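Asks: I'll drop the sequence and a predicted model, then ask my questions.
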Amino acid sequence: MSLNNDIKIARKWMYERIDGSTNQVSETFCQGLESFMEFAKKQPLFLENGKLFCPCYKCDNGRLLEEKSVWSHLYNRSFTCNYWVWISHGENYNILNNPENIIASEDASGFDSQTKTVNPYVSMVSDAYADGNQETSFDENMEQEPNAEAKRFYNILDAAKHPIYGTGPTTQPSGSQAAGAQRHVANHEPVENREEVAHVPVQHDVRVLHPARQNGAKWFKNNTEVSTCVRKIIEGCFRGPWYSWKKVPPFYKDAWFSTFQTKFEWDASIENLVKENFDQLAATRLKGMVSLAKSNGEKPDWILSDYWRVMSEYWRTSKAKDKSEKARASRLSRRDGLGVHRHRAGSRSYAKVQDVLEANNEDSSFIAVLKKTHQKSDGTYVDERARLIAEKFDECVQERLSEMENSNGEDLTIDNLTLEEKNEIYSKVRA
Ligand SMILES: [Zn+2]
């Protein structure tokens, strides 16, 4: 049996939320959910904040919520796709080498499975930061009865035992994504395990990556979905005082990429290209997220205080101050192209908007900032000058796109222009 399969078998309860015979939330799922919460609540992030990342398929580990909310989200929505390794809740992929550490739910039939609840930190040899958590804290005899907390929860939700989404995420996918998802599974499962794997539902929200962006494929540049995914991965597994990409140990860079692989898929022929782009984007996002926190002067919840202290100490050194001063100077010179904002909102708020866009890997071109600061939600502009510039800009973009060679027969959009090209057009329009 492959190691990957071990975890999928042990945790298949995660994606078997609805009991087919009763059409209600299954007992196995409830028990698994309880063991998940028990585990997550022992992690430093929860102990410090009283909150944990919500792994429901909507929050997708992107929001820190209180226990009660997470419980209710998972109960009503189920887990985000392919969340076999609880990376945003303290686990690492090396748990796959220690299948005895995998926490399973106890089987509803009363059959006590081989799997035990063990503190995963004990065997995390390669985890340089897990030294403070050595006790084997779980009781070997896990309670048969739900604990008081869980009972209270069951009572609250008793009335809500109607699934909102029917069979929800366990529905078989259709179309090209299905083929992709099947391929994904096939890549990882040895042939002899096919039968068992059939029990494991294929998750349908895995996206395809390709630089040509054909047939709905995504790519890295200026794509909010990809970028947000990377942010969530970093926040969920930020396990050191990593004020720069260089500080992130290779072990965790690999772990981040492994998590990314559960969310997107791509052709094996572009594996290196994807890895390159992933590293680049992760480095950018890490830098943006950390420097935003630094400039706000406030520790975000996803950074533990111990790490924040080390980071803050570093930022106080003269070496760090020098670096930051140089970066600031280069940012300011890049902003010279945006004269229009000075008369109105002042360059400071413009800079702030651009910082936020950049930190989120969103389009931070001059036109994007102009629209962000001057366009209302109904699409109209707050002043005439902004409207004129924006309209003239759109015209010029259309002109430019019609001049560009279209190699794959698809319509070109503004996304095909680089930041520099957009800024160049903007500067012409403004002049
Ligand atoms: Zn949620």
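Replies: Received the coordinates, thanks.
Asks: Which part of the stretch 151-300 of the chain gets nearest to the ion, residue-wise?
Replies: Closest contact between the stretch 151-300 of the chain and the ion, by C-beta to the ion, is at residue 232 (11.9 Å). Using the backbone N, CA and C atoms, a C-beta is placed for each residue, glycine as well.
Asks: For whichever strand or helix holds that residue, C-alpha coordinates in CSV please.
Replies: Taking DSSP states H and E as the criterion, residue 232 maps to helix 224-236. C-alpha atoms of helix 224-236 as CSV (Å, rounded to 0.1, in the frame of the first residue of the first chain):
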residue,chain,number,x,y,z
THR,A,224,-5.9,36.6,-8.0
GLU,A,225,-7.0,33.0,-7.6
VAL,A,226,-3.4,31.6,-7.9
SER,A,227,-2.0,34.4,-5.8
THR,A,228,-4.6,34.0,-3.1
CYS,A,229,-3.9,30.3,-3.0
VAL,A,230,-0.2,31.0,-2.5
ARG,A,231,-1.0,33.5,0.3
LYS,A,232,-3.1,31.0,2.1
ILE,A,233,-0.4,28.3,1.9
ILE,A,234,2.2,30.7,3.3
GLU,A,235,0.0,31.9,6.1
GLY,A,236,-1.1,28.4,7.0
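Asks: what residues does that helix touch?
Replies: 53, 60-62, 87-89, 207, 209, 218-220, 256, 259-260, 263-264, 278, 281-282, 285-286, 289, 300, 302, 360-362 (C-beta atoms under 8 Å, 6 or more residues apart in numbering).
Asks: Also stretch 273-284?
Replies: Residues outside stretch 273-284 that contact it (C-beta under 8 Å, 6+ apart): 209, 211, 219-220, 226-227, 230, 233-234, 245, 253, 256-257, 260, 266, 361.
Asks: Show me which of the residues you listed is closest to residue 393.
Replies: residue 361 (21.7 Å; C-beta to C-beta).
Asks: What score does the closest one have for pLDDT?
Replies: Residue 361 is assigned 65 on the pLDDT scale.
Asks: Then residue 39?
Replies: pLDDT, residue 39: 96.
Asks: How many residues are close by it?
Replies: Using other C-beta atoms under 10 Å, residue 39 is surrounded by 19 other residues.
Asks: helix/strand/coil for it?
Replies: Assigned by DSSP: H, G, I helix; E, B strand; the rest coil, the conformation of residue 39 is helix.
Asks: out of everything not next to it in sequence, what's closest to it?
Replies: In this structure, residue 39 finds its nearest non-sequential neighbour in residue 103, 5.7 Å apart by C-beta to C-beta, 6 or more residues apart in numbering.
Asks: for residue 10, same thing?
Replies: Per C-beta to C-beta, 6+ apart, closest to residue 10 is residue 104, 3.9 Å.
Asks: how much space between the one you found and residue 41?
Replies: To residue 41, residue 104 is 18 Å away according to C-beta to C-beta, to the nearest Å.
Asks: the more surrounded of these two?
Replies: Neighbour count, other C-beta under 10 Å: between residue 104 and residue 41, residue 104 has more, with 22 against 16.
Asks: Return the distance of that one relative to residue 12.
Replies: Residue 104 is 9 Å from residue 12, by C-beta to C-beta.
Asks: go on, residue 312?
Replies: Plainly put, residue 312 is 44 Å away from residue 12 if you go by C-beta to C-beta.
Asks: So if I had to pick from those two, which one is more boxed in?
Replies: Shown here are residue 312 and residue 12; by other C-beta under 10 Å, residue 12 has more neighbours (19 against 14).
Asks: and the more buried one, backbone torsions?
Replies: Backbone torsions for residue 12, taken as degrees, to the nearest 10, come to phi -70, psi -20.
Asks: going forward can the numbers begin at 128, since that is how I track them
Replies: New numbering, starting at 128: the last item is residue 139.
Asks: I'd like the distance between it and the ion.
Replies: Distance of residue 139 to the ion, given as C-beta to the ion, to the nearest Å: 21 Å.
Asks: Which secondary structure state is assigned to the residue nearest to residue 137?
Replies: Put simply, residue 231 is coil when judged by three-state DSSP.
Asks: before we move on, what about residue 335?
Replies: For residue 335, the assignment made with three-state DSSP gives strand.
Asks: Provide a list of residue ranges in the stretch 328-477 of the chain with pLDDT below threshold.
Replies: Applying pLDDT under 70 to the stretch 328-477 of the chain flags residues 328-331, 458-477.
Asks: now with 90?
Replies: By pLDDT under 90, the weakly predicted segments of the stretch 328-477 of the chain are 328-334, 340-343, 348-352, 354-355, 411, 414-416, 418-424, 450-477.
Asks: Could I get the full set of strands for it?
Replies: With DSSP state E, counting those that start in this stretch as the criterion, the stretch 328-477 of the chain has strands at 334-335, 391-392.
Asks: Please convert these to JSON lines, extending it with distance to the ion.
Replies: Listed next are the strands of the stretch 328-477 of the chain as JSON lines, based on distance: least, C-beta to the ion, whole Å:
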{"stretch": "strand 334-335", "distance to the ion": "19"}
{"stretch": "strand 391-392", "distance to the ion": "20"}
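Asks: For stretch 415-424, could you pull out the residues that count as buried?
Replies: Of the residues in stretch 415-424, 415-421 count as buried by neighbour count, 16 or more other C-beta atoms under 10 Å.
Asks: same thing with stretch 521-532?
Replies: Neighbour counts over stretch 521-532 (16+ other C-beta under 10 Å) mark 523-524, 527 as buried.
Asks: repeat for stretch 428-445
Replies: For stretch 428-445, the neighbour count (16+ other C-beta under 10 Å) marks 429-431, 434-435, 438, 442 as buried.
Asks: what's the closest of those residues to the ion?
Replies: Of all the buried residues of stretch 428-445, residue 429 has the smallest distance to the ion: 15.5 Å, by C-beta to the ion.
Asks: pretty sure the closest one is touching residue 189, no?
Replies: No: proximity of residue 429 to residue 189 does not meet the contact threshold set by C-beta atoms under 8 Å, at 10.2 Å.
Asks: If we look just around the ion, which residues of this structure are in range?
Replies: Selection of the chain residues close to the ion by C-beta under 5 Å from the ion yields 181, 183, 186, 200.
Asks: Count the residues that sit near the first one.
Replies: What that stands for is residue 181. Neighbourhood size, residue 181 [other C-beta under 10 Å]: 26.
Asks: Pretty sure residue 196 is one of the things it touches, is it not?
Replies: Yes: in this structure, residue 181 is within contact of residue 196 by C-beta under 8 Å, at 6.8 Å.
Asks: before we move on, the earlier item: now, which of the buried residues of stretch 521-532 lie within helices?
Replies: Mapping those onto helices (DSSP state H) picks out 523-524, 527.
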